[in-house]
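[1] sequence and computational prediction follow.
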Amino acid sequence: MTEPTKFRIAILGGGIGGLACAVALKDHTNIEIDVYEQAAQITEIGAGVTVWPRTWEILKLLGLEQDLSVLLKEPPSNVQSWYYLLHPYPQVAFEMRLSDRKKGFTFRKIFTRDGGFCFHRSNLQSALLRQIVSDSSSASSSCNCKIHLSHRLEGCEETNDSVKLFFENGYSTSCDMAIGADGIKSVVREYVVSLSDTTGLGGQLIFTGSKAFRGLVTRERFERLFPNHRALVNAVMYNGKSKHIVVYPINGGKLINIAAFISQPEGEGKVFPASHGSRRTKEEMLDAFSGWEPEAIQLLSTIENPSCWPIQDLHPLKTYTTRRILLLGDAAHAMTPHLGAGAGQAIEDGFVLGYLFSKLIQPSCPDPQSLLHLIKIYDKLRRPFANHLQKNSRKQGYYNELNMPEFDDIHYEGQELDAEQIVALGCALRENWDSWWQDCALKDLEEGLEMLRVQAKM
């Protein structure tokens, strides 16, 4: 008996978003997956990544709970342990301080059930990769996923019945659906935008006017230098005029991840070429924060060789899809880091795609038209939400640095805020953070599908 033809799906990019997508799709027996990664090995640039409760629930559904729980300092609350018998209440996710003065103060604490989970990006990526590699190496495995390294995409071309892919190494192939997970400098996005946006703005990378000094410090060294520092206990954000610092532990508390942001609002909006970070001196970084409270200076002084990265944003896309191509992660909605949402949204993109396959594609006789319908549904479900977070992340960055209209009379560091302005900072956190990060992604997805069904009947 002839086996039914399988859909051929190409995932361009082996980062967190691309691998999460592969994990979400790997058990569907009616598809074959090829992941194309431009690097010679799958590695992740960057340091810490925050996983909020919404994304943690998705990772559990994708089967990563056991692999990732061992990387946490404390177990998640769904695991019965003595710790949660002693600590039954929500934990601090972030402590927010006003710090561009010699005597800083805490103005808000954000709580979640587990306080948020923080990982090294490479550990999260490795956990996703193991889900694919271990399954594909098993003799009884139904995993239909292959990974191709050293394949940098040069271009793509869509036809009525396939997508043709061309790589810089001379290799070419075709597939039924292409998924652009090729990051902030996405080649796939260029093609999608060329077909869908006539304004010339869609898909442009925009310099936000901000740069970030970044560094990792071992907890052992940090604790030896400053044994009573609050950053050893909680994730902290130090806020000030046109600057802020974010610090949180990763790798089960073994490393301290630090990012210090400096902004020049007049530089915002310029088209800025994507680039990797460069090394800067500790003195340059410390000089920029010289008037801040002592504990903020102590924090930065632990970074020996900071890197410096431009913070970029993506002009919102009008669509994430064409007929047979879709975008996910940074290729679709690259956003500033001010909500800690970028990696989580890339993972959610992949999860939603896997869920749609389970609901809309018949395993016994996959219909090509159902695949095209699925791509349209993906765009209707993901684009409004991810673009909304993209916008709110940018907005939260303005609040972090007192650059919103409520602070028009705040012109320099250390200037006193009145009570209404401090309340405005707290309200911004509630509006931009609390409104989504603890919501259930699966519930939102099911409600979105039901809404689309109702609209189709109207």
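    Thanks, I have the structure now.

[2] pull out the buried positions in stretch 448-458.
    Across stretch 448-458, burial judged by 16 or more other C-beta atoms under 10 Å covers 448, 449. Every C-beta, even on glycine, is put in place using the N, C-alpha and C of the backbone.

[3] I'd like the mean pLDDT over that stretch, please.
    Mean per-residue pLDDT for stretch 448-458: 74.

[4] list of residues touching that stretch?
    359, 377, 380, 381 (C-beta atoms under 8 Å, 6 or more residues apart in numbering).

[5] please pull out the lowest mean pLDDT helix or strand from the chain.
    The helix or strand of the chain with the poorest confidence is helix 82-86; it has a mean of 43 (mean pLDDT, DSSP states H and E).

[6] next SSE downstream of that helix?
    strand 91-98 (DSSP states H and E).

[7] re the thing from before, I'd like to know which of the contacts of stretch 448-458 are part of helices.
    Mapping the contacts of stretch 448-458 onto helices (DSSP state H) picks out 359, 377, 380, 381.

[8] what would those look like in a markdown table with pLDDT and distance to residue 265?
    A markdown table is the format used below for the ones in helices among the contacts of stretch 448-458 (pLDDT from 0 to 100; distance: C-beta to C-beta, whole Å):
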| residue | pLDDT | distance to residue 265 |
| --- | --- | --- |
| 359 | 84 | 45 |
| 377 | 92 | 39 |
| 380 | 92 | 35 |
| 381 | 93 | 34 |
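
[9] now the two most distant members of those.
    Distances among those were taken as C-beta to C-beta; the most separated pair is 359 and 380, at 14.0 Å.

[10] please identify which of these two sits among more neighbours.
    Higher neighbour count among residue 359 and residue 380: residue 380, with 16 against 12, using other C-beta atoms under 10 Å.

[11] quick one: contacts for residue 389?
    Taking C-beta under 8 Å, 6+ apart as the test, what residue 389 contacts is 333, 335, 339, 341, 345, 436.

[12] for the residues you listed, could you give me TSV that also reports secondary structure?
    Formatted as TSV, those follow (DSSP: H, G, I helix; E, B strand; the rest coil):
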residue	secondary structure
333	helix
335	coil
339	helix
341	coil
345	helix
436	coil
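
[13] and which of those residues is nearest residue 65?
    Using C-beta to C-beta, residue 345 is the member of the contacts of residue 389 that lies nearest residue 65, at 19.7 Å.

[14] number of residues surrounding residue 292?
    Using other C-beta under 10 Å, residue 292 is surrounded by 24 other residues.

[15] how about residue 207?
    That count, for residue 207 with other C-beta under 10 Å as the rule, works out to 19.

[16] how about the secondary structure of it?
    Classification of residue 207 by three-state DSSP places it in strand.

[17] how about the nearest residue to residue 10 once chain neighbours are set aside, what does it touch?
    Sequence neighbours aside, residue 175 is the residue nearest to residue 10 in space, at 4.1 Å (criterion: C-beta to C-beta, 6 or more residues apart in numbering). Shown in contact with residue 175 (C-beta under 8 Å, 6+ apart): 8, 9, 10, 34, 162, 163, 165.

[18] which members of those are the farthest-apart pair?
    Distances among these were taken as C-beta to C-beta; the most separated pair is 34 and 162, at 13.4 Å.

[19] neighbour count: these two, which is higher?
    Set side by side, residue 34 and residue 162 give different neighbour counts by other C-beta under 10 Å, the larger being at residue 34 (20 against 16).

[20] quick one: the strands in the stretch 151-300 of the chain?
    153-158, 163-167, 172-175, 177-180, 205-218, 236-240, 243-250, 255-263, 270-271, 278-279 (DSSP state E, counting those that start in this stretch).

[21] now the ones you listed in JSON lines, with mean pLDDT?
    Listed next are those as JSON lines, based on pLDDT from 0 to 100:
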{"stretch": "strand 153-158", "mean pLDDT": "96"}
{"stretch": "strand 163-167", "mean pLDDT": "97"}
{"stretch": "strand 172-175", "mean pLDDT": "97"}
{"stretch": "strand 177-180", "mean pLDDT": "96"}
{"stretch": "strand 205-218", "mean pLDDT": "92"}
{"stretch": "strand 236-240", "mean pLDDT": "97"}
{"stretch": "strand 243-250", "mean pLDDT": "95"}
{"stretch": "strand 255-263", "mean pLDDT": "95"}
{"stretch": "strand 270-271", "mean pLDDT": "66"}
{"stretch": "strand 278-279", "mean pLDDT": "73"}
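
[22] mind checking those strands for the one nearest to residue 43?
    strand 205-218 (15.5 Å).

[23] between strand 255-263 and the helix or strand containing residue 374, find me the angle.
    Element membership of residue 374 [criterion: DSSP H and E] is helix 368-400. In terms of direction (axes from the mean of the first three to the mean of the last three C-alpha atoms, to 10 degrees), helix 368-400 departs from strand 255-263 by 70 degrees.

[24] ok now helix 368-400, how far from the chain's centre?
    How far helix 368-400 lies from its chain's middle: 13 Å, per C-alpha atoms, centre = their mean, to the nearest Å.

[25] tell me which helix or strand comes right after it.
    helix 419-429.
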